[in-house]
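*Asks:* A structural model of the following input is requested.
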Amino acid sequence: MIDVKDLFAEDYINKEVSISGWIKNHRKQKEFGFIDFNDGTYFKNLQIVYDNSLDDFEEIQKLHIGSAITVAGKIIKSEGTGQSIEMKLISYKLEGDCPEDYPIQPKRHTREFLREQAYLRTRTNLFGAVFRVRSVAAYAIHKYFQDNGYVYFHAPIITAADAEGAGEMFQVTTLDLDKVAKSGKVDYTKDFFGKPASLTVSGQLQAESFALSYKKTYTFGPTFRAENSNTKTHASEFWMIEPEIAFCDLEGDMNIMEEMLKYVVKYVLDNLPEEMEFFDKFVENGLLEKLNKLINSKFTRIDHEEVIKILKEAPVKWEFQPEYGEDIAKEHEKYITEYFNGPVFIKNWPKDIKAFYMKQNPDGKTVAAVDLEVPGAGELMGGSQREEDYDKLVNRMDELGMKQDELDWYLNLRKFGGCVHSGFGMGFERLIIYLTGVDNIRDVIPYPRTPGNCDY
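*Replies:* Take a look at the predicted model:
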């Protein structure tokens, strides 16, 4: 038995083959019929034609949309439009029937409806394409790092370290919460780990320890944030790519960010032409032009202070007024990428709005941090040179009221053969949104976890 993708890749004209898959659509006429068939290996359907010369013609006409079947037939050149080949049916076997109330009928469904049918939505063209892009993009990321000598590091899911210092973490406990509520106090010495533990928001801190042994490492796994946000770009469970590189400063960090992104985008375009053409036609007009332009762009590099200056001088009435020393809004990100007509690295951010571990610049006001802004999506990646100076890192933690004993191992990395090192993070779902034009994170992760939603 072969896959449908093989039929479109090789010459099977006038050959008899056997394939297994599902009925996407079934158009019946008095003396013949057409089955749109898909086995999940190829974006396009294979059309199966049959007529009343078959002994079981009437039984074939009763086959329901959504049913699983195995069919044997001859591959022929298609006489109709929309496909190059089709199958002339010889015989079939019903593997699994499907009732008439099957939710994924051959009509246009809203994305909201399909979220309610998340266990079946991959059978639609849109989500079949989205999750194949997700799969191929994940492979491309691993391939880029593996081909460049990085060690793949599995960061712990359960941790006692809040890498971001934001405190928005899911707690992990085996304590009886009813008893805790009645007593009014928590005795963490009786908990599973003997102290507070949470689901990780980032594997960065632990990855740094591997970078200071292997020189180049990366994580790629799930992370969690207990942020009660219901925007299109936030989820409680999401995947992160986080490389860490020793003997690498901020300029080197940006070089890697740019090279990796271009590599992944090109790999997806090269390997999924049918899916990407579908997105360009039905989801985001101009998507292919946008992605090809990114591949061929030289990313602009500019200081945060200069960005604020440009925004302040812009002939625009801002909803949120840009200010020195503060973060920038979505409208600002959009303007800056249009201003430079391409991706922009915004670097050297104000110290007070960035994380404790970022390298403090000599001016005492900024840190060697960088965000990558891309046209049409805004921030896609964020990174920094890490603070390698032990005393400066301790002082910064003191300023922020952080407990040093919980991160003594992290501080020790600065004492035991520390060096200049850098890294960055990219939310995988944000990349998939950028690649597909599908603009809601709930539609690019198989089973989304958001506030109030933990189905499946």
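*Asks:* contacts only, for His332.
*Replies:* Taking Cβ atoms under 8 Å, 6 or more residues apart in numbering, we find His332 in contact with Val307, Leu311, Trp318, Phe320, Pro322. Glycine gets a C-beta too; all of them are placed from N, C-alpha and C.
*Asks:* at 7 Å what do you get?
*Replies:* Leu311, Pro322 (Cβ atoms under 7 Å, 6 or more residues apart in numbering).
*Asks:* I'd like the average pLDDT over the host helix or strand of it.
*Replies:* Taking DSSP states H and E as the definition, one finds His332 inside helix 330-339. Confidence for helix 330-339, expressed as mean pLDDT, is 95.
*Asks:* got the CA coordinates for that helix in PDB?
*Replies:* C-alpha atoms of helix 330-339 as PDB (Å, rounded to 0.1, in the frame of the first residue of the first chain):
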ATOM      1  CA  LYS A 330       1.800  47.300  18.900                       C
ATOM      2  CA  GLU A 331       1.100  50.400  16.900                       C
ATOM      3  CA  HIS A 332       4.700  51.500  17.400                       C
ATOM      4  CA  GLU A 333       6.100  48.100  16.300                       C
ATOM      5  CA  LYS A 334       4.000  48.300  13.100                       C
ATOM      6  CA  TYR A 335       5.200  51.800  12.300                       C
ATOM      7  CA  ILE A 336       8.900  51.000  12.800                       C
ATOM      8  CA  THR A 337       8.800  47.900  10.500                       C
ATOM      9  CA  GLU A 338       7.000  50.100   7.800                       C
ATOM     10  CA  TYR A 339       9.500  52.900   8.400                       C
END
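*Asks:* distance from it to the middle of the chain?
*Replies:* 22 Å (Cα atoms, centre = their mean, to the nearest Å).
*Asks:* which parts of that helix are buried?
*Replies:* The neighbour-count check on helix 330-339 (16 or more other Cβ atoms under 10 Å) flags His332, Glu333, Tyr335, Ile336, Thr337 as buried.
*Asks:* spatially nearest residue to the fourth one (excluding sequence neighbours)?
*Replies:* Yep, that's Ile336 we're talking about. Spatial nearest neighbour of Ile336, excluding adjacent residues (Cβ to Cβ, 6 or more residues apart in numbering): Val344 at 5.3 Å.
*Asks:* over to the one you found: give its phi and psi.
*Replies:* phi -130, psi 130 (degrees, to the nearest 10).
*Asks:* give the contact list for it.
*Replies:* Phe299, Thr300, Ile302, Ile336, Thr337, Glu373.
*Asks:* and the gap between it and Phe428?
*Replies:* 21 Å (Cβ to Cβ, to the nearest Å).
*Asks:* quick check: angle from the helix or strand just after the helix holding His332 to helix 330-339?
*Replies:* Using DSSP H and E, the helix or strand that follows helix 330-339 towards the C-terminus is strand 344-350. Strand 344-350 runs at 130 degrees relative to helix 330-339, counting by axes from the mean of the first three to the mean of the last three Cα atoms, to 10 degrees.
*Asks:* just after strand 344-350, pick out the following helix or strand.
*Replies:* strand 366-374.
*Asks:* other residues contacting that following strand?
*Replies:* Counting by Cβ under 7 Å, 6+ apart, 250, 253-254, 257, 294, 333, 336-337, 343-351, 354, 358-361, 379-385, 434 sit against strand 366-374.
*Asks:* could you point out which element follows it?
*Replies:* Following strand 366-374 in sequence, per DSSP H and E, is strand 378-386.
*Asks:* residue ranges in this structure under the pLDDT threshold?
*Replies:* 162-167 (pLDDT under 70).
*Asks:* now the helices for the stretch 151-300 of the chain?
*Replies:* In the stretch 151-300 of the chain, the helices defined using DSSP state H, counting those that start in this stretch lie at 177-183, 204-214, 250-271, 273-282, 287-295.
*Asks:* most tightly surrounded among those?
*Replies:* Most buried of these by mean neighbour count (mean count of other Cβ atoms under 10 Å) is helix 204-214; its value is a mean of 21.
*Asks:* taking strand 378-386 as reference, get the angle to that one.
*Replies:* Relative orientation of helix 204-214 versus strand 378-386 (the same axes, to 10 degrees): 50 degrees.
*Asks:* can you spell out which helices and strands pack onto helix 204-214?
*Replies:* strand 216-224, strand 237-246, helix 408-415, strand 421-427 (3 or more Cβ pairs under 7 Å, 6 or more residues apart in numbering; DSSP states H and E).
*Asks:* so which of these is nearest Leu287?
*Replies:* The closest of the helices and strands packed on helix 204-214 to Leu287 is strand 421-427. By Cβ to Cβ, the value is 19.1 Å.
*Asks:* so how far is the next helix or strand after the closest one off the chain centroid?
*Replies:* Later in the chain than strand 421-427, the nearest helix or strand by DSSP H and E is helix 428-436. Distance of helix 428-436 from the chain centroid (Cα atoms, centre = their mean) equals 5 Å.
*Asks:* likewise stretch 277-291?
*Replies:* Counting by Cα atoms, centre = their mean, stretch 277-291 comes out at 18 Å from the chain centroid.
*Asks:* and the contacts of that stretch?
*Replies:* Residues contacting stretch 277-291 (Cβ under 7 Å, 6+ apart): Phe43, Asn125, Ala129, Val265, Leu269, Met276, Pro375, Gly376, Thr436, Gly437, Val438.
*Asks:* from those, which is closest to Ala211?
*Replies:* Val265 (25.1 Å).
*Asks:* how much space between the residue nearest to the closest one when sequence neighbours are not counted and Gly383?
*Replies:* Residue nearest to Val265 in three dimensions, not counting chain neighbours: Leu291, with 5.4 Å by Cβ to Cβ, 6+ apart. Here the criterion is Cβ to Cβ. By it, Leu291 lies 22 Å from Gly383.
*Asks:* pull the number of nearby residues for Lys185.
*Replies:* Residues lying near Lys185 (other Cβ atoms under 10 Å) number 5.
*Asks:* shift numbering so it begins at 25
*Replies:* Sure thing, new numbering starts at 25, so read that last one as Lys209.
*Asks:* go ahead and confirm Glu119 touches Val95.
*Replies:* No: the pair Glu119 / Val95 is not scored as a contact, 10.2 Å apart, by Cβ atoms under 7 Å.
*Asks:* who has more neighbours out of those two?
*Replies:* Of the pair Glu119 and Val95, Val95 is the one with more neighbours under other Cβ under 10 Å, namely 22 against 12.
*Asks:* now the helices and strands packed on helix 228-238 as a markdown table including mean neighbour count?
*Replies:* As requested, those are arranged in a markdown table below (neighbours: other Cβ atoms under 10 Å):
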| stretch | mean neighbour count |
| --- | --- |
| strand 240-248 | 21 |
| strand 261-270 | 23 |
| helix 432-439 | 14 |
| strand 445-451 | 24 |
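*Asks:* for Ala179, which of these is the nearest?
*Replies:* Once those are compared by Cβ to Cβ, strand 240-248 is nearest, at 4.6 Å.
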